[in-house]
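Asker: The sequence isn't on hand, but the structure is:
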Ligand SMILES: O=C(O)CCC(=O)C(=O)O
Ligand SMILES: [Fe+2]
């Protein structure tokens, strides 16, 4: 499972469908030939029957005809039976067998994850549902239209996830699409009509009369007799209060309280690029050549772009070539697992909708490219790399994201005392992203778009080694494309000379950012 969290799993699913498709096609082709044969045999028999019916007595007094009638019934029809049995064997289509053969299928959790991702994108980027359903993202048409059934199933999924606001939007889009469909509408399967009725009844009970009405009208258009399912006193319509406890509130179950805060709404704005730092913040910022901390950089100076001076957040351009990036990603793919959050050493890692991506940890010693990355970082930042975590390569699929968080640990049990906390973070961008997927700093009012080979670097701690709460950051949801990054977390203890501590505690400026607003 966990196919929805990154692109690598999805490729397997595409492969599964490709195999199923070829399978089904082969079956259809081979049975087509057999069906044609049966048809021609049938018409030969029909011909005989016509002859017989025209003049039955004459027909039956001919010994040849009698013999052939006998033979047809005694053997030919048996063969027909055999052929049909063969055909049904050939047609047998057993998905669970394919599952056991090792083909990948998404689980219920995957389908829910994909639905959640779609809704997350819709809300973060303020997308119009009608446009999403038409395969259009921010004005660019990428995919094919969703059918009314696709939209309905998504609405139903959201209903089961108790996200009622979005249920309504998608069910309405589905009904709108159904209404607009000009060509004759084939009668949907009975299960579809049943589900439509069921959702309509639930919406009715929850007080969303408009959507319920709309839905029931479309059902009745298909099958007017179903009006009887709506008669008063109908068992199906009346739900026993005791069996079905009243739902607390019309708030989506999946949405934790954080996503309802002002702070979160502001973060979404930063992801959409609707805010920018104040002029006072921006004025001192420069793009410049820097010699870093290594004499070699006098010949090949670094291209440094400042995003913020306090806290210090910068981009170093062109730190890794496309070739090396390809190598890294290749090395990571076989080890990619669903990302977890805040693992306590020895504790249970947790999957979470807070962070939807896959990652792999790679040891720097295993490949010269990675060793070189560390040396470059050290030369660039002046930091000592003795205590840094293994390289974490992460991949976000469409809808993948990492909600605002701090990289430092607030609980000292989460890091080894001899290494200290995460003093700095360096993110290598190992891909670009067509739309979305920026690294956002909601308190600093900017977001950095992934650019191949760039490194985003910042200090998580004040010089006094207090935590700098202003460094809260996030990976915005990927709207189109797939995002790859390499995280390097550098720890505090060996940095005495590289970044001498301040005698004064300089952390007051960031304290107010600890509180969620
Ligand atoms: O995906 C991003 O841009 C940020 C990732 C991040 O903050 C992390 O992995 O800690
Ligand atoms: Fe982070």
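Answerer: Received it, and whenever you're ready, just let me know what you need. What you are looking at is a predicted structure, and each value in this text was computed from that prediction instead of being measured. Ligands and ions are numbered 1, 2, ... in the order given.

Asker: OK, now which residue of this structure is nearest to ligand 1?
Answerer: residue 475 (2.6 Å; Cβ to the nearest ligand atom). Backbone N, C-alpha and C define where each C-beta goes, glycine included.

Asker: Make sure that residue is actually in contact with residue 399.
Answerer: No: assessed by Cβ atoms under 8 Å, residue 475 is found out of contact with residue 399, at 11.6 Å.

Asker: Between the two, point out the one with more neighbours.
Answerer: Taking other Cβ atoms under 10 Å, residue 475 and residue 399 do not tie; residue 475 has more neighbours (27 against 23).

Asker: who's the more buried one bridged to?
Answerer: residue 402, residue 439 (DSSP bridges).

Asker: quick one: contacts for it?
Answerer: If a contact means Cβ atoms under 8 Å, 6 or more residues apart in numbering, then residue 475 has 357, 396, 400, 401, 402, 437, 439, 440, 483, 485 as its contacts.

Asker: Show me what from the stretch 301-450 of the chain comes close to ligand 1.
Answerer: 394, 402, 407, 439 (Cβ under 6 Å from any ligand atom).

Asker: what's the helix or strand for the first one?
Answerer: Element membership of residue 394 [criterion: DSSP states H and E] is strand 391-396.

Asker: Could you name the helices and strands sitting against that strand?
Answerer: Where contact means 3 or more Cβ pairs under 8 Å, 6 or more residues apart in numbering; DSSP states H and E, strand 391-396 is packed against helix 322-332, strand 358-362, strand 483-491.

Asker: hey, which of these is tucked in deepest?
Answerer: Using mean count of other Cβ atoms under 10 Å, the stretch among the helices and strands packed on strand 391-396 with the largest mean neighbour count is strand 483-491, at a mean of 24.

Asker: So for it, mean pLDDT?
Answerer: Mean pLDDT, strand 483-491: 96.

Asker: what comes into contact with that strand?
Answerer: With Cβ under 8 Å, 6+ apart as the test, strand 483-491 has contacts from 325, 328-329, 373-374, 377, 381, 383, 385, 387-389, 391-396, 400, 407, 415, 419-431, 433, 437, 450, 475.

Asker: Can you give me the neighbour number for residue 25?
Answerer: Neighbours around residue 25, by other Cβ under 10 Å: 10.

Asker: What's the end-to-end length of stretch 467-477?
Answerer: By Cα to Cα, to the nearest Å, the extent of stretch 467-477 from end to end equals 26 Å.

Asker: still on that earlier bit, I'd like to know which of the contacts of strand 483-491 are buried.
Answerer: Listed as buried from the contacts of strand 483-491 are 325, 328-329, 373-374, 377, 381, 383, 385, 387-388, 391-396, 400, 407, 415, 419-431, 433, 437, 450, 475; burial here means 16 or more other Cβ atoms under 10 Å.

Asker: which regions of the stretch 201-350 of the chain lie under the pLDDT threshold?
Answerer: The model of the stretch 201-350 of the chain has pLDDT under 70 over residues 231-256, 342-350.

Asker: what ranges do the strands span in it?
Answerer: Applying DSSP state E, counting those that start in this stretch to the stretch 201-350 of the chain gives strands spanning 287-290, 302-308, 313-317, 337-338.

Asker: Which ones among the buried ones among the contacts of strand 483-491 map onto helices?
Answerer: Under the assignment DSSP state H, the buried ones among the contacts of strand 483-491 contribute 325, 328, 329, 373, 374, 377, 381 to helices.

Asker: wait, isn't the first one in contact with residue 432?
Answerer: Same thing as residue 325. No: using Cβ under 8 Å, residue 325 is not in contact with residue 432, being 10.7 Å away.

Asker: Which neighbours do these two have in common?
Answerer: Counting by Cβ under 8 Å, 6+ apart, the residues touching both residue 325 and residue 432 are residue 452.

Asker: before we move on, the earlier item: for the ones in helices among the buried ones among the contacts of strand 483-491, name the two members farthest from one another.
Answerer: Taking Cβ to Cβ as the measure, those span a maximum distance of 23.8 Å, between 329 and 381.

Asker: and this structure, which of its residues are near ligand 1?
Answerer: 394, 402, 407, 439, 473, 475, 485, 487.

Asker: which residues sit in contact with the fourth one?
Answerer: Yep, that's residue 439 we're talking about. Shown in contact with residue 439 (Cβ under 8 Å, 6+ apart): 427, 447, 448, 450, 456, 473, 474, 475, 476.

Asker: gap between it and residue 186?
Answerer: Using Cβ to Cβ, to the nearest Å, we find residue 439 at a distance of 48 Å from residue 186.

Asker: One more: the last one?
Answerer: Look at residue 487 and residue 186: by Cβ to Cβ, they are 51 Å apart.

Asker: next one: the third one
Answerer: Using Cβ to Cβ, we find residue 407 at a distance of 54 Å from residue 186.

Asker: All the strands of the stretch 1-150 of the chain, residue numbers only.
Answerer: Assigned by DSSP E, counting those that start in this stretch, the strands in the stretch 1-150 of the chain fall at 136-137, 140-141.

Asker: chain center to the last one: distance?
Answerer: So the one you mean is strand 140-141. Relative to its parent chain, strand 140-141 has a centroid offset of 19 Å by Cα atoms, centre = their mean, to the nearest Å.

Asker: Ok, the first one next?
Answerer: Its chain's C-alpha centre lies 16 Å from the corresponding centre of strand 136-137 when counted by Cα atoms, centre = their mean.

Asker: ok, the residue nearest to residue 177 when sequence neighbours are not counted - how many residues close by?
Answerer: The shortest distance from residue 177 to any non-neighbouring residue, by Cβ to Cβ, 6 or more residues apart in numbering, is to residue 148 (3.9 Å). By other Cβ under 10 Å, the residues close to residue 148 number 21.

Asker: how many other residues sit next to residue 515?
Answerer: Residues lying near residue 515 (other Cβ under 10 Å) number 8.

Asker: How about residue 297?
Answerer: Per other Cβ under 10 Å, the neighbour tally for residue 297 reads 16.

Asker: what does residue 365 give?
Answerer: Neighbour number of residue 365 under other Cβ under 10 Å is 10.

Asker: Next, the nearest residue to it once chain neighbours are set aside: secondary structure please.
Answerer: Nearest residue to residue 365 in three dimensions, chain neighbours excluded: residue 371, at 6.9 Å (Cβ to Cβ, 6+ apart). With DSSP: H, G, I helix; E, B strand; the rest coil as the basis, residue 371 sits in helix.
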